[in-house]
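Student: I need the structure of the sequence given here:
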Amino acid sequence: MSRSSAEAECRAMAHTACEIVWLKNLLIELGFKQPIPMSMHCDNQHVIYVAQNPVFHERTKHIEVNNHFVRDAWTTKVVMFQFTPSSKQLAD
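Tutor: I've put the predicted structure just below:
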């Protein structure tokens, strides 16, 4: 259970990054190359900043494991973050 909306966003980003890594590996096995990172849309700029920032602050200790996975996917250029305001997201 998440204690904040930022924690919920971090968990969602970690789950999405996991799915993207799996999908990219599947495409590679099928012979398709993906030379550019896949876009991951997020409506929370703070969560994007925390995912890209290697320094953890006291307020983000509880989301450290998810952040490591998302940051690893970002640094290895599997995913790229794209800020999309809530008003532009079709799923909301």
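Student: Mind listing what's buried along the worst-scoring helix or strand of the chain on mean pLDDT?
Tutor: Sorted by mean pLDDT, DSSP states H and E, the helices and strands of the chain end with helix 45-52, the least confident at a mean of 74. Going by neighbour count (16 or more other Cβ atoms under 10 Å), the buried part of helix 45-52 is 47-48, 50-51. Placement of C-beta: from N, CA and C, glycine included.
Student: which of those residues lies closest to Lys33?
Tutor: Distances from Lys33 to the buried residues of helix 45-52, taken as Cβ to Cβ, are shortest for Ala51 (25.2 Å).
Student: Spatially, what comes nearest to that closest one if we skip its sequence neighbours?
Tutor: Distances taken as Cβ to Cβ, 6 or more residues apart in numbering put Val70 closest to Ala51, at 4.7 Å, once the chain neighbours are dropped.
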